[in-house]
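the following comprises the amino acid sequence and a computationally predicted model.
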Amino acid sequence: GENVEQHPSTLSVQEGDSAVIKCTYSDSASNYFPWYKQELGKGPQLIIDIRSNVGEKKDQRIAVTLNKTAKHFSLHITETQPEDSAVYFCAASGIDKLIFGTGTRLQVFP
Amino acid sequence: EPEVTQTPSHQVTQMGQEVILRCVPISNHLYFYWYRQILGQKVEFLVSFYNNEISEKSEIFDDQFSVERPDGSNFTLKIRSTKLEDSAMYFCATEGNEQFFGPGTRLTVL
């Protein structure tokens, strides 16, 4: 069935460093790849997304890259700040439902 | 900024009881979803709803679950006879071009 794998499960970085989270997906029909940030006790918050017709998208300190041939996509956060600390989920979608990865707990130490 | 709202924020119920979780979608969105997240795990798709009918459901969404949009605004998830393993966060999501999630309802089944 459809599956999304995400690595690493935890990531600790020093404030100001970069963080990279990687995901792979199994369904070649997937064409939409959002990333969500989830803070404790809250719902997932969309932070950036990419569709299959582009290879890279950037929004200030956050960027996402997509390699459709290899079926993987990555989230890049530069100049990390303590408020970036949260759980990050990647997801993949074909027609409608989102298939989520297992999440990455990012900790940014001041 | 428009947002998805959910009520209640926390529901405690006895095993075997019925619960109804409510969601108010973003007003011009046409696609509605329910997801659940067991504590510490990834977000899992339950059901998608479009044009007043279910468009897709997962294997989790068995005969004990139902959804409806009774008054054209609220979108509800009903669990007829709750089980201990139904304890989780339940998220409503609505979609225009992207899926936006509500803050969730924490369901605790005792």
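Everything's here; your move. Numbers count the residues shown, from 1 in each chain, chains lettered A, B, ... in the order given.

residues contacting B:Tyr31?
By CB atoms under 8 Å, 6 or more residues apart in numbering or on different chains, the contact set of B:Tyr31 is A:Asp96, B:Ser48, B:Phe49, B:Tyr50, B:Ser55, B:Thr94, B:Glu95, B:Gln99. For the C-beta atoms, the positions are set from N, CA and C on the backbone; glycine is no exception.

where's the most centrally placed residue in chain B, which helix or strand?
By CA atoms, centre = their mean, chain B has its centre lying nearest to B:Trp34, at 3.7 Å. Applying DSSP states H and E as the criterion places B:Trp34 in strand B:31-37.

ok, that strand: who's next to it in the sheet?
strand B:44-50 (antiparallel), strand B:88-95 (antiparallel) (DSSP bridges).

so for the first one, what's the average pLDDT?
So that's strand B:44-50. Across strand B:44-50, pLDDT averages out at 95.

quick one: end-to-end distance for stretch A:50-59.
Stretch A:50-59 has an end-to-end distance of 11 Å (CA to CA, to the nearest Å).

quick one: average pLDDT of that stretch?
For stretch A:50-59, the per-residue pLDDT averages 91.

and that stretch, anywhere near chain B?
No. If you take CB under 8 Å from any CB of the partner chain as the test, stretch A:50-59 misses chain B, and the best it gets is 9.7 Å.

highest mean neighbour count out of the strands paired with strand B:31-37?
strand B:88-95 (a mean of 24; mean count of other CB atoms under 10 Å in any protein chain shown).

now do that one: distance to the chain's middle.
5 Å (CA atoms, centre = their mean, to the nearest Å).

do the same with stretch B:102-110
Taking CA atoms, centre = their mean, one finds the center of stretch B:102-110 at 10 Å from the center of the full chain.
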